[in-house]
Structure formats: C-alpha cells, structure tokens
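In: Sequence unavailable; structure follows:
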C-alpha cells in the first residue's frame with residue numbers, strides 16, 4: 001500500500017470513529033437533528049433486538065425522540081471499532097455500553113444498563129461518511145427496564 005493510500009485509510013477510519021461518537025453525542029444530549037449528519041436520508045435502521053422498530057431513518061428518528069424522552073440520563077459509549085473500507089463504502093462493527101437512568105420521585109435514578117454491537121454500512125458522501133444501514137445487536141441487559149408511564 002502506498003503511503004498516501006495508507007494515510008487516506010487512517011483518515012477514513014478516524015472520520016468513521018468520530019461519526020459513531022457523534023451518534024452517541026446526539027442521543028445523549030437529545031439533539032436529535034444532529035442525527036441528520038450521522039445517517040443518510042434513506043438509511044435503514046434496525047433496533048428490533050432492543051424491542052424497537054426497523055425502518056427508514058426519519059421514522060426511527062421520531063421513535064428515538066419519543067422512547068428516550070422518559071430518560072433524563074443516557075450515556076452511550078462506543079469502542080472496539082472494526083472498520084473495513086472499500087472505496088466509497090465501509091462496514092463497521094463496534095461495541096456499545098449504555099447506562100440509562102429514569103428519574104424517581106425522590107430525585108434518584110433507577111439505572112438500567114445495555115450492551116451490544118452496532119453493525120453499520122457506511123457511504124462516503126460529499127459531506128463525509130454517513131451510516132446508510134444500522135443493525136443494533138443487543139447482547140445483554142442489566143437491571144429492570146423501567147416501567148413505561
């Protein structure tokens with residue numbers, strides 16, 4: 001591999017890692033419009049392993065706004081990035097760890113923890129890398145899922 005190609009590969013890897021982190025920031029700060037810079041407009045997202053929907057990005061974005069509204073605290077962490085780049089497309093698999101807190105009447109948080117993998121297909125666009133397909137693969141939960149009010 002030529003040095004210039006190697007540098008482009010490293011740059012792409014770092015851009016994709018930053019994109020995956022931006023997803024976490026958007027969710028945890030409840031800035032859901034930031035997700036428009038994470039996913040392609042026609043992306044398909046599959047959260048069925050977590051009891052969520054599989055569908056087009058705009059519909060899943062609205063679902064996220066609704067379902068996460070009950071949690072005053074979430075903290076998504078991603079790592080162990082396994083990214084394969086092939087020109088204008090890429091595949092990524094990374095682990096996620098997600099503590100979630102539901103506010104109690106006494107001011108404390110009822111905690112629930114989730115772990116698993118994000119399996120993504122990505123596309124290089126004129127605005128940078130974007131996720132075109134995401135499949136969440138839940139691996140484990142710890143704690144009782146808070147009852148919906």
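Out: Good, I have the coordinates. If you're wondering where the values come from, they're calculated on a predicted model, not measured in any experiment. Numbering: from 1, shown residues only.

In: going forward, measure contacts and count neighbours with C-alpha atoms only.
Out: Will do.

In: Can you pull up the most central residue in the chain?
Out: In the chain, the residue lying closest to the centroid (CA atoms, centre = their mean) is residue 23, at 4.9 Å.

In: That one sits in which helix or strand?
Out: Residue 23 is located in helix 3-28, with elements delineated by DSSP states H and E.

In: quick one on the thing from earlier: for the residue nearest to the centre of the chain, give me its contacts.
Out: If you count contacts by CA atoms under 8 Å, 6 or more residues apart in numbering, residue 23 has them with 34, 35, 38.

In: where exactly do the helices run in this structure?
Out: Listed in chain order, the helices found in the chain under DSSP state H are 3-28, 57-67.

In: Can you mark which positions in the first one are buried?
Out: Residues 9, 12-13, 16-17, 19-28 are the ones in helix 3-28 that count as buried (16 or more other CA atoms under 10 Å).

In: That helix: how far from the chain's middle?
Out: Distance, stretch centre to chain centre, for helix 3-28: 13 Å (CA atoms, centre = their mean, to the nearest Å).

In: mean confidence for that helix?
Out: Helix 3-28 carries an average pLDDT of 95.

In: longest strand in the protein, by residue count?
Out: Taking DSSP state E as the assignment, the strand of the chain that covers the most residues is strand 109-125.

In: Poorly predicted segments of this structure, please.
Out: For the chain, the stretches flagged by pLDDT under 70 are 1, 146-149.

In: follow-up on the earlier one: sheet-wise, list the partners of the longest strand of the chain with their directions.
Out: Partner strands and pairing direction for strand 109-125 (DSSP bridges) are strand 89-103 (antiparallel), strand 128-142 (antiparallel).

In: do you know which of the ones you listed lies nearest residue 63?
Out: Using CA to CA as the criterion, the shortest distance between residue 63 and the strands paired with strand 109-125 is 14.8 Å, found for strand 128-142.

In: In that closest one, which residues are buried?
Out: For strand 128-142, burial by neighbour count (16+ other CA under 10 Å) applies to 129, 130, 131, 132, 133, 134, 135, 136, 137, 138, 141.

In: same check, this time on stretch 111-129
Out: Of the residues in stretch 111-129, those scored as buried under the neighbour-count criterion (16+ other CA under 10 Å) are 111-124, 129.
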